Every structure is written in C-alpha cells, then in structure tokens.
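K.L.:
Need coordinates for the following:
(2 chains, ligands or ions: 3)
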Amino acid sequence: MTQAQLQETANFPVLVPEPGERHWRDYFSFNTDHKVIGLQYLVTSFIFYCIGGVMADLVRTELRTPEVDFVTPEVYNSLFTLHATIMIFLWILPAGAGFANYLIPLMIGAKDMAFPRLNAVAFWMVPPAGLLLIASLVVGDAPDAGWTSYPPLSLVTGQVGEGIWIISLLLLGTSSILGSINFLVTLLKMRIPGMGFHQMPLFCWAMFSTSALVLLSTPVLAAGLILLSFDLIAGTTFFNPTGGGDPVVYQHMFWFYSHPAVYIMILPFFGAISEVIPVHSRKPIFGYKAIAYSSLAISFLGLIVWAHHMFTSGVPGWLRMFFMITTMIIAVPTGIKIFSWLATMWGGKIQFNSAMLFAMGFVGTFVIGGISGVMLAAVPFDIHVHDTYFVVAHLHYVLFGGSVLGIFAAIYHWFPKMTGRMINEFWGQVHFALTIIGLNMTFLPMHKLGLMGMNRRVAQYDPKFALINEICTYGSYILAVSTIPFIINVIWSWLYGKKAGNNPWRALTLEWMTTSPPAIENFEGIPVLATGPYDYGLEKADEGVPLSDPDPVLSGGPNSVLRAEPDPAVAANPEDR
Amino acid sequence: MKIPSSIWTLLVGIGLTLISLWYGQNHGLLPAAASDEAVLIDGLFNAMMTVSTGIFLIVEGVLIYCAFKYRRRAGDSEDGLPVEGNVPLEILWTAIPAVIVIGISVYSFEVYNDIGGFDPHAIHESPMTQSSMTMPGTAIAATLNDTPGNTAPNLNQEKSDEAMQDPATAAVRNAEQIPQKQNAPGVGSVAPTIGGSPEKAGKPPELVVNVTGLQYAWIFTYPETGITTGELHVPIGREVQISMTANDVIHAFWVPEFRLKQDAIPGRQSEIRFTPKQEGDYALICAELCGPYHGAMRTQVIVEKPEAFAKWMQEQVAANTDTLNQAVALNPADLSPHEFLTPYTKDMGIQPEILKQIHK
Ligand code: HEM
Ligand SMILES: [Cu+2]
Ligand SMILES: [Cu+2]
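P.N.:
Ligands and ions are numbered 1, 2, ... in the order given. Below is the predicted model:
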C-alpha cells in the first residue's frame, strides 16, 4: 500500500452528497466557517491586487518618459503611496490570512478555528479599511507621503488623506492582530490528538512564526500611527520638529513593525512553497526540522533588524554595524530553506503543473531578492543605493517574485480542494510564462537604474535613464496582461472545470483527507494520522498501522507515542468543550 | 568515455568561479567613482557581486537542471527516492552562507571604518566653531524676521536662536544667510554620520560647507567666506565636510558618483566628510521623498582643480552680497515656496525648465 492509499484508507472521506451545501449569499455575510472566511479573504485581497496593479501601471506609464506628462506630480505621489499601501496591507497580508484561515483547521484536523466569530470580525475589518483608503482618491485628497508616511512631510501634505490613511492602517492592523491570536490558539490547542508539533505541516509552522511576529510588532506600529495622528490633528509635536519633536523616532517605531511586516508577508508563502514542492516532486521535504526552525529563527531575527531602513538617517555609527550584522544573519535561515527546497526537487519526479511552476519561479526569483537584500545590509553600499531604484528592484523581487508567486502557487495547488474542480493547466502555464517574463523585464533593469543614480518616488528623472525606464514600463504592461488568463481561468474552471476528486495530487497532509470542497465541519469524526505529512516514497509504515488512531485498541503499538489518547482538554471542535 | 561526476563537479565549480570573478569586476553597473570613498565602496560592491553571481548561478543552475533531469515521465506514478535529510549536508549549507555573510560583514566593517563611519568626534571637533562665533548669527537671524506686519512671536525662531548659542549648531544652521521660514525647526540633536577616515579623524576638515535642504532646493554656505550658492563647488583632493540640516521636511543629500548619502533632517544636524577625486560636474540629488516636486530637487556638484575653485570663490564673494541683501528684506513666513526661493534661483543651478515645472 502506498503512503497515499494508507493515509486515505485511514480517513475515509465523509460521504456528504452535497459537500458544498452553501449558498452564494454565505460569502457575502458574517459567516463563521473558516473556509468561507478564507475564501472571503482571498477574493477580497485579489480584488485589491487588481486595483493596486492598475495604480502600478499608472505609475509606470508616468515613468515611461522623463518628463511629468501623464499625471501631475501630486497625483503621482498619491498613486505610488496607494499602490504600495494596497499591495502590502490589502493584498499580500490578507491573502496570507486567507490561506491560513482556509488551511490551518484542515491541516491539523480541526473543525474550525478556535474563535470563529472573532475570525469573521477580523475579516470584516478589511473591506471597509480598503474602501476608505480608496475613497480618499475620490474626495481628492489622497495620502501622498509614501507608504512610510514619514513626518514632517506627512504632517504638511494633504491632511485629510493622511488621516484616512492612518485610520485605514489602524483597522488593518487590528484585523491582523485578531487573526493572529486566532491562528496561534488554534495551532496550539486544536491539533488532533497525536499530532505533535513535529507532525504538523510546514505551512502551520510558518503561520505559527508569522502570527507570533504579528503579535509582537503590530502594536508598535499602532502606537506610532496614533502619535502621528495626534501630531496631525491635535497639534502635538511627538514627531514634529517645529515643536521639538523628533522625526527619527517615528522612523524607529514605523520600521519596528514594517520590517517584520516583510517577513509577515513572506513567511506564509515560504510555508506554502514547502507544501507544494514535495507533493509535486513526489519526495519527502528535505530537512523538515531545518525548515520549521528556520521559520522561527526568521521570526525572531526579524524583530531586531529594523534600523537597516535607517542607515542614512540619524542613527549612530555603531548602531549601523549592529543592524548590519543582524540583517546579514537572516540570510542564513533563508538560505537553509532555499537549499532544502532544491534538495527536495533533486532526484524527484517533478510534475510540471502550474502550482509547481510557480513554486519553482518563486525559488528562482526570490533568490535574486535575497541576494540583493544581503548587499543592502552592507552599510557602506546601502548608503549609496538607499531610496533608489535598486531598492525598488529588491523589494519587488522579494514581494512580487516571492510573496505573489507564492500566492499563485498556493492558489493553483489548493484550487481543487477549495472548489472541487481542476484548474485549466494550459492557461495556468500561459499565466506563469507571462508573469515570469513581465516580472523580470519590469524589475531586473531597475537594479541598474538605482546603481546609476535614479532615486525612487520621483515623477521626473534624468533623460539618460529614459530607455531603461521604457523597458520597465512595457514589462509592467505584460504583467498587467498576465492576470487576464488567470482571472478567466479561475472563473471558468470554478464553474465548469473537470471534477477534482478528493485528492488529485495524492498528497498526504490532512486537508486532502476530506471531500473537495470540504464539508461544513471538515471531517466526519476526528481524522487520524496514518503517515507523516511528507512521507512520499517511504514504505516504513507498510504494516498499515496508522501513526495515530482514535481507536484505543491500537494504542500501545510501535508508534504509541504518537497515538496518545484524545485529551479531553484539547477538543477538536470548540462546541465540544 | 563516461566522465565521473566528481570531475564534472570540479569542472562546473571552476567554470562558475571564473564567471563570477569576471562578472564581479566587469558588471559596469556603477557610475564613475569621483571620491576617495567611492573607490572603497566599489571594491566592496564588486566583491559582493562576485559572490552573488556565484550563488545566483548555482541556485538557478540546480533549478534548471532539476527541471530537465527530474521531470516526471509520462505514465510514471511512482514516488521519487525518499531522502528526508542529510545532516552533514545541512550543516554544510548552513555554514557556507554563514561564512559568506561574516566575510561580507567584516569587509563592510573595514570599508565603513576607512570612510570614517566611526569618527566619534565628527561634529564637535569641528574648527568651524571659531569662525561662526565671530559671526553674529543670532542677531541677523532675528532681523530677518523683524519685518513689519508680523507681530506674532516666531517661537520657532526663538528655539532656533537658542540652539544657535551652541557654536557647533550655529555653524550648521546657516542662519546668517538663509532666512528662516516661520515654521522651520531649530537644530536639536547632533547626528554625526560619516566622519573623517581613521587617519584624519579628529583633525579639522580642509573645507567646510553648510547645506540646508528646503522644498525643493539645496542651499550651500561656505562659512569661511560667507558665500551662499545653489550649486556645490569642491576642489579635488581636499577633504570636504558637509554639515547639513533641513528647513521643512526630510531631504537627503546624494551624489551617486561619491557613493555617499545622508538625510538632512529638520531639527537635527548631520555631517559627512569626503575627498573629491575626479574633476567633473555631477548631479546632486535629493533622495528622500520631500513632496510632489521631489524629483526636481537636484543641482550640480562641480569638482574642480584647486586653482579653479579658488577663482570661483573670489567671484562668489563679490556677487554674494547682493543676494543676501535681497533675502534680508523679505519675510519668508509670508512667502510661497516660489517667492521664497526666487532670490536664490539664479544661483541655485536648477535648470530653468525644472523650475517652471515646479512653480506653475
Ligand atoms: C504589477 C506589478 C507592479 C508594478 C509594475 C509595480 C511598480 C512599482 C513602481 C514603479 C514603484 C516605484 C514607485 C516610485 O518609487 O515612484 C513601486 C513601488 C512599490 N511597490 Fe510596486 N509594482 C508592482 C507590484 C507590486 C507588488 C505585488 C507589491 C507587493 C507588496 C508592490 C509593492 C511596492 C512597494 C512597497 C513600493 C514602494 C513604494 C514607495 O516607495 O513608497 N508592488 N511599484
Ligand atoms: Cu528634497
Ligand atoms: Cu526630495
């Protein structure tokens, strides 16, 4: 018996005739099912991705020529401010929360999140926050001090827009704190009996690390923003130098959150990639523990590197060295992950479907962002390229080449589970090809722009950079086009795609051990672990003895440690408590 | 004949090393190096480029190799050979990045020290204090705002004047030449950044230039001669100290060819020291978002031979008095940025087209 058969026979999926007994209206309501909330997050954030993407293309259209000829400089600044804010806070962060919501309970065999209503509350803060932000464009006073919103500039440009920006971010921050509490408690308390931390899928490890990071860093941003709003509205001078405040203090508070935020944006997709690669390479993940602990290490180190965004502002010399070293060290756990993924593919039987292609694209482009990140950590070099297009290139290789490709890999991988249908592979591959070409064409040349002397956040620039900018702009149009096959494919396949069955990838993690889409309470009874999450090709459990089994008769066998009796204190279903 | 895989590995390794070494030196990505510091920083960048090229090629190489070699053949539904871990290998690839980043850190540390990152005395040891004390900064600064029609006390000016009691602060503030905007912050904490290189640390720089950033211009003052200009002139081979602050929002002083950048922060003063090395006109760019016309905030740095520099100085001393008189007659608080800048524009080296764009 193969591992997949073993795992599946141990968990005969629930035979619900109509597994998705849901009405479309559920998706527009205050539903508490984690799967509904997960999809609500994913669809909402994707809509914001499109909006942020349109803004990106407007920004690039302005930059096609050196002169200011497409929008006014004021509008230009609002565009890149909103582009960045939307992409970060309304696309990548909520998309991560969406996958976590959908997958965590399924992966650990729970029936729902620990606090289903809190979960819905967290989601329902996102759309109003986003609409508010976009409404600022309509009232004609959009925020335009950059997504970093450094005072004193943020205190002297459009006040209404800045206020809206602060409120919107406070809402989104609150939402992500509520979400993280939920993820943490769910992961700690609701795993099926027998699933120790080391039997947990790597995505769960990644979300564990991410949530801890969110809880530790977001409040500091909130504090910074609240003080900023006092300066803005009440005329205090925490950061306003006119009254003796210090703008550099704001930068410390801002980056204490916003640097970790980049790990909050990337860690979940490190997790997703660690799920996709072993399944489609048909091999156990290489170095499970190394990957799991490196997530924790990144999360810890992420908290002590913030001042690398401030090497050119007012930080003392020795402090720059401290932050240089901590930043450099992060490259080590990140490197461990990359090498482990490569080793997982090595000697595998790689199936080139869209999910795997995006995962490989992720590894291949993220590594470029990682390398330029190490360069940026080197203080003398950062002093040259800080606030230039080199940084813009770096951040897009990480955020687009990392997070966004990771999101797409995850969507293609879990699409059959979420919808019960297969997604069209051909158009998935067209999507992939256009994305990779567009991505590199848009962002690779930006490295050179920055090194040669083009600063970021400018609507007009030196004509000697015109050619490279033109190439970048056409690249960004390819990126815009690339989403079209994706959108059509998703909608079409969701409605008419081939039926997927429960486990089309023959994967071993628990989310595949139920119907597709999963029934309302996920599993009938409590699922059992018959194998580890990545035991592809392993025959070590060939006796067919499940690793854990609710049946007490079996406990005491060779794997008895893993077959602990269900602990009544750890209920799999919140209602059972 | 079948070549053993260890030989292949060796050959590929040598190939990669050669390519990386070559590309690390010949990437052509940086502009000319026009200061002594730039040469050091380029050395660091080239070293990082060499290592990066190697890592990039290895990762992408393995990825592409896997894509071809380990592609699943049609009809094969078996699993791959299970390999879950390999402790020596994992230790190896933890150790390699660790060694690389330690190496880069040590190299960066060296370069940082050589360009003067650790000079602790930077601002306070400045000999500037002498000349600035003899200049009645406070008095002039007060007169600047003492125009009729504005009776409200300029609290900010008071703070600024207070700070002016500290000679080091006065040196940077430029108050003698630059009108204070009503709401311009005074100078507070000192944020020294790139000071003198170790052998020059503690010694006075050979030339001091005070810089004020304001939306959307740079104003340079040469305290020894009292010149105020809109473009920066520096002589080759003499160590220059730039002491900067900002009048309204944060700006950043950046000359790509010098590889140096420093934020000019209102309420703080910061300084960098460097030694120009190569004659030419370079762009001085504001690198910190400072408002809609941030992109237009640029001027020239002219690196010239010492004789040419001396000649320029003399011309300026004569021409400068006029500008100053013009400025003193205005109350900057009531002015739009355009009016505020007008007296300086002819001097500022801002291209007229750009100015037109700014002040439509
Ligand atoms: C559709 C593809 C995209 C294009 C063409 C694009 C283009 C740009 C450009 C040209 C800028 C520089 C604006 C300036 O400095 O004036 C920028 C900034 C930025 N982008 Fe994107 N972008 C894209 C996708 C993304 C994604 C997916 C993210 C994810 C988080 C993102 C996050 C950011 C951030 C954080 C900034 C910095 C903004 C700032 O300097 O304040 N972008 N983008
Ligand atoms: Cu500026
Ligand atoms: Cu600027």
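K.L.:
What pLDDT does the model give residue A:144?
P.N.:
If you check residue A:144, the pLDDT there is 87.
K.L.:
Just confirm residue A:339 contacts residue B:91, I think it does.
P.N.:
No - using CB atoms under 8 Å, residue A:339 makes no contact with residue B:91, being 11.4 Å away. Every residue, glycine included, has its C-beta placed from N, CA and C.
K.L.:
which one of those two has more residues nearby?
P.N.:
Taking neighbours as other CB atoms under 10 Å in any protein chain shown, residue A:339 and residue B:91 compare with residue A:339 leading, 23 against 11.
K.L.:
What sits closest to that one if chain neighbours are left out?
P.N.:
residue B:93 (4.4 Å; CB to CB, 6 or more residues apart in numbering or on different chains).
K.L.:
can you pull the buried residues of the helix or strand containing the one you found?
P.N.:
Residue B:93 belongs to helix B:87-114 when assigned by DSSP states H and E. Across helix B:87-114, burial judged by 16 or more other CB atoms under 10 Å in any protein chain shown covers B:90, B:93-94, B:97, B:100-101, B:104-105, B:107-109, B:111-114.
K.L.:
in the stretch 201-350 of chain B, which spans are strands?
P.N.:
B:207-214, B:217-222, B:227-229, B:232-235, B:240-246, B:251-255, B:260-264, B:269-274, B:280-286, B:298-304 (DSSP state E, counting those that start in this stretch).
K.L.:
For the residue of the stretch 251-360 of chain B found nearest ligand 1, list the residues it contacts.
P.N.:
When distances are taken as CB to the nearest ligand atom, the stretch 251-360 of chain B reaches nearest to ligand 1 at residue B:289, 7.4 Å away. Residues in contact with residue B:289 (CB atoms under 8 Å, 6 or more residues apart in numbering or on different chains) are A:77, A:145-146, A:150, A:153, A:387, A:457.
K.L.:
hmm, back to that, what about the residue nearest to residue A:339, distance to ligand 3?
P.N.:
42 Å (CB to the ion, to the nearest Å).
K.L.:
which parts of the stretch 251-360 of chain B sit against ligand 3?
P.N.:
B:286, B:290, B:294, B:297 (CB under 5 Å from the ion).
K.L.:
where does chain A dip in pLDDT?
P.N.:
A:1, A:12-21, A:539-577 (pLDDT under 70).
K.L.:
So in it, which helix runs the longest?
P.N.:
Ranked by residue count under DSSP state H, the longest helix found in chain A is helix A:247-281.
K.L.:
relative orientation of that helix and strand B:260-264 in degrees?
P.N.:
With axes from the mean of the first three to the mean of the last three CA atoms, to 10 degrees applied, the angle from helix A:247-281 to strand B:260-264 works out at 130 degrees.
K.L.:
would you turn the residues of the stretch 251-360 of chain B next to ligand 3 into a markdown table with pLDDT and neighbour count?
P.N.:
Rendered in a markdown table, the data for these read as follows (pLDDT from 0 to 100; neighbours: other CB atoms under 10 Å in any protein chain shown):
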| residue | pLDDT | neighbour count |
| --- | --- | --- |
| B:286 | 93 | 29 |
| B:290 | 90 | 26 |
| B:294 | 90 | 29 |
| B:297 | 87 | 26 |
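K.L.:
check the residues you listed against ligand 2, which are close?
P.N.:
B:286, B:290, B:297.
K.L.:
quick one, what contacts the last one?
P.N.:
Residues in contact with residue B:297 (CB under 8 Å, 6+ apart) are B:213, B:215-218, B:251, B:285-286, B:290.
K.L.:
Of all pairs in these, which one is the farthest apart?
P.N.:
B:215 and B:285 (14.8 Å; CB to CB).
K.L.:
okay, those two: which has more neighbours?
P.N.:
residue B:285 (26 against 23).
K.L.:
and after the helix or strand encompassing residue A:332, which helix or strand comes next?
P.N.:
Here residue A:332 sits within helix A:317-345, counting by DSSP H and E. On the C-terminal side of helix A:317-345, the nearest following helix or strand under DSSP H and E is helix A:354-377.
K.L.:
Whether that next one contacts chain B - can you check?
P.N.:
Yes - against chain B, helix A:354-377 shows contacts by CB under 8 Å from any CB of the partner chain at A:360, A:363-364, A:367-368, A:371-372, A:374-375.
K.L.:
close to ligand 1, is the helix or strand just after that helix?
P.N.:
Downstream of helix A:354-377, the next assigned helix or strand under DSSP H and E is helix A:379-385. No - applying CB under 6 Å from any ligand atom, one finds helix A:379-385 out of contact with ligand 1, separated by at least 13.3 Å.
K.L.:
got a list of contacts for helix A:379-385?
P.N.:
For helix A:379-385, with CB under 8 Å, 6+ apart as the criterion, the contacting residues are A:308, A:311-312, A:320-321, A:324, A:375-376, A:391, A:450-451, B:40-41, B:44-45, B:48, B:108, B:111-112, B:115, B:117, B:194, B:256, B:259-262.
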